[in-house]
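1. mind folding the following:
(chains A and B)
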Amino acid sequence: MMKRITAGAGASAPAGQGKVIKMAPKIAYRNLFHDRMSLIVTLVGIVFSVVLVAIEVGLYKGSENKIATVLDKAPADLWIVPFGTKSFDDPSLLIGHEKYAALSTPGVLKAEDMIVSFSAWRKPEGGKKTFILVGLDWANGGTRPWSIEEGDISDLNNPNAIAVDRSYFKDLGINERGDYAEINNQRAQVTAVTKGIRSFTTLPYGFTSISTARKFTGASASQSTYVLVTLESGADIEAVRKQLSERLQGTEILTHDEFTRRSINYWMFSTGAGLALITGMVLGAIVGVVIVAQTLYASTKDHLNEFATLRALGASASYIHAVILIQALMSAVLGYAAGMLLAMLAIYRLSVRVPTLTIVMTPKIAAYLFALTVGMCIFAAITAIRKVTRIDPAGVFNR
Amino acid sequence: MSKAPRASNGPRPLLEARNIVKTIGTGAGELHILKGVSMDLRPGELTLLMGPSGSGKTTLLSILGCILSATSGELHLAGHQAVGQSSEDLAEIRRQHVGFVFQSYNLFPTLTAIENVLVALDVRDARSADPMETAAEALKSVGLSHRMHTYPSKLSGGEKQRVAIARSLAGRPSVVLADEPTAALDSENGKAVMELLTEVAKDPTRAVMAVTHDHRTLHYADRIITIEDGRIVGDERPPKKGGPGDGAASKKKNVAA
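-> Next up, the predicted model:
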């Protein structure tokens, strides 16, 4: 009738050999999918959190990009800026000898003037708009205007020529390339149109040559807002910076990254503009943690008898923790995949409906979001782990 | 974990408990559940632990199975001293040396029969030439080779208990402890389970002890230990029908009072 049951129910392999079937992932998977409603609640929580955080991060990153939009297109090793400059668009003028002082400093390959100035734009049909005038010195090998959609750089060499972004046409009261306006009470013509160059604030950018910018702003022929310094290959950046600092009183010598970070910090933190986005991100993450923690805890409670059985069978605490963590990881992967899909869809639709809104999503941000989701789910698993850690395996005899 | 001294003569017990005391609560609420229990389990024997409700059977089973720590006393299981060990060390002893069969089966409802057995192998991190084959063999040995991929909800009570027995054996334990293994079963399934445990106990490298209230199981026992009010009051070897001990039962009363 029954087979004789001997010492072992199967053959064991020699030490160090043989196969091991890992059951912890299977238990986690089955626990997760056993209660569909609980799984749905968990995933909804994670998806909500991922979408919220993805959009907030995208908006934050988009804001950073807008703040640094000109800086990113004007690569320089060092920036000579008026002392106390808070950000790129917090302009005042240097004395005027800085470029030549820089060029005579050992280790400096190139120095380039740039003018940035708040200016008054009088619309053709009446009314005024303040904008940020940016004068670039491309004629001497400096930064060139970019993203020109209509016209070309030669059109900007004309006297009083300016390039504005198509997205600001309405704000500036113009309809097309070739329209005239007044800048600081001087006649100006839109000879080129850019696409997608927007500032972080509501003020449009207008790009012109350095000489035209000086004329519009009343700066002297040698004055500029910033001097962009490019170093010779192999030059010691700190040594050059020290020399420039000693020679140029009333200025600050910043690396490109320092100036970018200072500009971003000013707008995002000193003005409080970024706090709303960061608060949104934090709230999204908290909502995710709370929902996942609650559902994971409920799931753990539902399966408490099984965890007690595992413990009674001799499972180590780490084995049981692994089951819960794998369950959390599976939730994270599923929730992230669905959440990112929805977030991308939302970002696409928002960018179509509100073209002025910049939401950035890059593979790097997506990777960070995945790490955040995993971290969030693992953090959420702590309460469940605490619950099973206190489990009494003797309870298996009472059930 | 410290090793117990080797017995000087006779068949070495797989489990030895000496003067086990279990007290819970403090002060006026102090409750002495076990009051100095001494016993052993020898290989090749099916021992039944009997006693009225509240006598301390389950507590004793929990302590012998290293699930619960004794307040004082000595417990040597397969050569390991268990009293005073950390919970992880006790888990290690359970993992390596103890198989459990529970009254309510305690199978994982989300896992199939063979997966339930595989869990026991996985918990032990036991390397097997073929774990699936090992688990399948365990199920085959309890007559469930045709139900390997069935979920517990589709198994009868007797089948569930047989899966639980297969699970307890898959880890090759030296001691199998069963808590009321027939309590939830009808007489036919209860008989089948007891016959299975009897077969399991025939292994000369393994001791089996079952806590039971069920007097229909008595004739399967090689030995019956009776506990009352936290003390062992009886330890007897009943005659087995047709067995070598038939008519020559040894009987000891109040052995560990």
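
2. show the model's pLDDT score for B:Gln85.
-> On the pLDDT scale, B:Gln85 is placed at 87.

3. which strand or helix spans it?
-> B:Gln85 belongs to no helix or strand when elements are defined using DSSP states H and E.

4. cool, the one 10 residues further on as well?
-> B:Arg95 is part of helix B:87-97, with elements assigned from DSSP H and E.

5. give the other helices and strands that that helix contacts.
-> helix A:317-353 (3 or more CB pairs under 8 Å, 6 or more residues apart in numbering or on different chains; DSSP states H and E). Bear in mind the C-beta positions are built from the backbone N, C-alpha and C, glycine included.

6. mean confidence for the helix or strand just after the helix it packs on?
-> Next in sequence after helix A:317-353, counting helices and strands by DSSP H and E, comes helix A:363-389. In this model, helix A:363-389 has an average pLDDT of 89.

7. low-confidence ranges, the stretch 51-200 of chain A, go.
-> Applying pLDDT under 70 to the stretch 51-200 of chain A picks out no residues at all.

8. enumerate the residues of it near chain B.
-> Nowhere does the stretch 51-200 of chain A come near chain B, counting by CB under 8 Å from any CB of the partner chain.

9. ranges for the strands of the stretch 51-200 of chain A?
-> Applying DSSP state E, counting those that start in this stretch to the stretch 51-200 of chain A gives strands spanning A:78-82, A:108-122, A:128-136, A:148-150, A:161-165, A:180-183, A:186-194.

10. now do the stretch 201-350 of chain A
-> So, for the stretch 201-350 of chain A - with DSSP E, counting those that start in this stretch - the strands run A:205-209, A:226-231, A:251-255.

11. Serialize the ones you listed to CSV and add fields for mean neighbour count, distance to chain B and mean pLDDT.
-> Converted to CSV, those look like this (neighbours: other CB atoms under 10 Å in any protein chain shown; distance: least, CB to the nearest CB, whole Å; pLDDT from 0 to 100):
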stretch, mean neighbour count, distance to chain B, mean pLDDT
strand A:205-209, 26, 60, 95
strand A:226-231, 24, 59, 96
strand A:251-255, 20, 53, 96
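
12. tell me which residue lies nearest the centroid of the chain.
-> I went with chain A, as the question did not name one. A:Lys61 (2.7 Å; CA atoms, centre = their mean).

13. wrong one, chain B
-> B:Leu177 (0.8 Å).

14. bridging residues for it?
-> Note on B:Leu177: beta-bridge partners by DSSP bridges are B:Phe100, B:Met209.

15. how does chain A divide into domains?
-> With domains defined by automatic domain parsing, chain A comprises A:24-65+A:273-390, A:84-249.

16. dump the ones you listed to JSON lines, plus distance to B:Gly158.
-> Listed next are the domains of chain A as JSON lines, based on distance: least, CB to CB, whole Å:
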{"stretch": "domain A:24-65+A:273-390", "distance to B:Gly158": "19"}
{"stretch": "domain A:84-249", "distance to B:Gly158": "74"}
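
17. out of those, which is closest to B:Glu92?
-> domain A:24-65+A:273-390 (7.1 Å; CB to CB).

18. what about the closest residue to the residue nearest to the centre of chain A other than its chain neighbours, how many residues nearby?
-> Leaving aside its sequence neighbours, A:Lys61 sits nearest to A:Val360 (CB to CB, 6 or more residues apart in numbering or on different chains; 4.0 Å). Look at A:Val360: counted by other CB atoms under 10 Å in any protein chain shown, it has 16 neighbours.

19. list the contacts of A:Ile347.
-> A:54-55, A:58, A:359, A:361 (CB atoms under 8 Å, 6 or more residues apart in numbering or on different chains).

20. how about a cut-off of 7 Å?
-> A:Ile347 makes contacts with A:55, A:58, A:359, A:361, as judged by CB atoms under 7 Å, 6 or more residues apart in numbering or on different chains.

21. for A:Phe200, same thing?
-> A:63, A:66-67, A:267 are the contacts of A:Phe200 under CB under 7 Å, 6+ apart.

22. contact partners for A:Arg241?
-> A:Arg241 neighbours (CB under 7 Å, 6+ apart): A:78, A:253.

23. many thanks, we can stop here.
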